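[1] coords please:
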Amino acid sequence: MPDILVSESILGPDLEALRERYTVSVEPELWRDRAMLAGRLTGSRALIVRNQTRVTEELIGAADRLEVIGRAGAGLDNVDVAAASKAGIAVCYAPDQNALSVAELAMAMLLALARRLVSADCDTRAGRWSREAFIGVELHRKTLGVIGFGRVGFLLGMRARAFGMRVLAYDPFISPDAVTVTESGAALVGLDELLARADAVSCHLPSTPATDNLFNADRFRMMKPTALFLNLGRGDVVDEAALIQALQSRRLGGAGLDVRAVEPAALSPLNEMENVILTPHIGGLTADAQTRVVAAVCRDVAAVLDGRPPLYCANAPRPRSVRV
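    The predicted structure is shown next:
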């Protein structure tokens, strides 16, 4: 069995460098077969995943020699960190490395929705020249509400300010004097106030019991009928049926979704709406960000296997094994 098992498509020079010291097996489709994955983990010291592999307590229990799980990304909702901690397994991830790429995609979606770029492009490619049909709005002097003002939210807020936007932020885990708030010039407000005042809302929340279906029919009714809604956090934060109803009844001006509750997403009325932009969870998928993500995870996996402390450990300090 390999020292390091990679169960999804992860490539890069830093992963290749690990081959100089360890046996590494990259099996991009392994995440699809749970039984085979469990079997391949027997004897492996490290597992590296993206967001498709569900690293459950059962899977961790099948890994008799596992020392470290490396998550190539910021979210940890597909890894049972508590079970890993109980088994003495370090969980390493990349919390900062793709934040800029996600923020840039949010800004791109906001601009594209405001100027109706996707519809205008499709219409022009069809041989028409419908200038009056694609009158958009400027972002200047509009209000952006950012929900979840962590790394991505802060970077988005800074870029929105450069476009002359006012920035409101909602995050119950930061204080008004936090550096992200003071440096961005954002006003920290309650969620209801943000929804009522914002011309555009961008959601960057993790998946937790508290955020499940946070955006429901009641919340969409609080927003301006011209408001734009973006979700680049996690899909289950949004009640998709309520979002569809809000768009169909013109309670919202448009939406941009990079994440969905079930991925890959099934066809839905969203696919037919001209005021909706859909992307397949590509927020962090730039060449620049992925180079940084893979480098960070490979560095920390190697550190754990060498007996050194990792830089980005979700269950730091590294737990002691309770296995007999």
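
[2] which stretches of the stretch 101-250 of the chain have low pLDDT?
    Judged against pLDDT under 70, the stretch 101-250 of the chain has no low-scoring part.

[3] phi and psi next, for V26.
    Note on V26: its backbone torsions stand at phi -100, psi 110 [degrees, to the nearest 10].

[4] same thing with G39?
    Residue torsions, per degrees, to the nearest 10, at G39 are phi -70, psi -40.

[5] what does N231 give?
    Here is the backbone geometry of N231 (degrees, to the nearest 10): phi -130, psi 110.

[6] mind listing what it touches?
    S202, C203, F215, V237, V238, A255, G256, L257, D258, V259 (C-beta atoms under 8 Å, 6 or more residues apart in numbering). (Each C-beta comes from the backbone N, C-alpha and C, glycine too.)

[7] 6 Å instead, please
    Taking C-beta atoms under 6 Å, 6 or more residues apart in numbering, we find N231 in contact with C203, V238, L257, V259.

[8] for the last one, which three-state class applies?
    Read it as V259. Three-state call for V259 (DSSP: H, G, I helix; E, B strand; the rest coil): coil.

[9] where's it relative to P269, distance?
    18 Å (C-beta to C-beta, to the nearest Å).

[10] and what of the third one?
    Using C-beta to C-beta, we find L257 at a distance of 13 Å from P269.

[11] likewise the second one?
    Remark: distance between V238 and P269 (C-beta to C-beta) = 14 Å.

[12] looking at those two, which is more packed in?
    V238 (27 against 14; other C-beta atoms under 10 Å).

[13] the more buried one contacts F215, correct?
    Yes: using C-beta atoms under 6 Å, V238 is in contact with F215, at 4.5 Å.

[14] going along the chain, name the helices of the stretch 1-150 of the chain.
    Using DSSP state H, counting those that start in this stretch, the helices of the stretch 1-150 of the chain run over 13-18, 34-41, 57-61, 81-86, 99-115, 117-125.

[15] need the winner for burial among the ones you listed.
    Among the helices of the stretch 1-150 of the chain, helix 99-115 has the highest mean neighbour count (mean count of other C-beta atoms under 10 Å), at a mean of 21.

[16] picking that back up, just the closest of the contacts of N231 to H140, please.
    The closest of the contacts of N231 to H140 turns out to be C203 (C-beta to C-beta; 22.6 Å).

[17] tell me the contacts of the closest one?
    Listed by C-beta under 6 Å, 6+ apart, the contact set of C203 reads I147, N231, G233.

[18] try it again at 10 Å.
    106, 145-148, 153, 170, 211, 214-215, 229-234, 237-238, 257, 259 (C-beta atoms under 10 Å, 6 or more residues apart in numbering).

[19] need the residues touching each of V238 and F215.
    C203, L205, F229, N231.

[20] among those residues, which ones are in helices?
    Among the shared contacts of V238 and F215, DSSP state H puts none in helices.

[21] and which of those is nearest E58?
    L205 (27.3 Å).

[22] hmm, that closest one is touching L230, no?
    No: L205 is not in contact with L230 according to C-beta atoms under 10 Å; the separation is 11.8 Å.

[23] how close does the nearest residue to P269 once chain neighbours are set aside sit to L257?
    Closest residue to P269 apart from its sequence neighbours, by C-beta to C-beta, 6 or more residues apart in numbering: I244 at 5.1 Å. Counting by C-beta to C-beta, the separation of I244 from L257 is 11 Å.

[24] between these two, what contacts are shared?
    L270, V276.

[25] which one's more surrounded, the two?
    Neighbour count, other C-beta under 10 Å: between I244 and L257, L257 has more, with 22 against 16.

[26] partners of the more buried one in the sheet?
    Assessed by DSSP bridges, L257 has beta-bridge partners N231, L278.

[27] got the buried residues for the helix ranked longest in the chain?
    The single longest helix within the chain, with elements called by DSSP H, is helix 287-305. Under the neighbour-count criterion of 16 or more other C-beta atoms under 10 Å, helix 287-305 has 289-290, 292-305 buried.

[28] same check on stretch 159-179?
    So, applying 16+ other C-beta under 10 Å, buried residues of stretch 159-179: R159, A160, F163, M165, R166, V167, L168, A169, Y170, D171, I174, A178.
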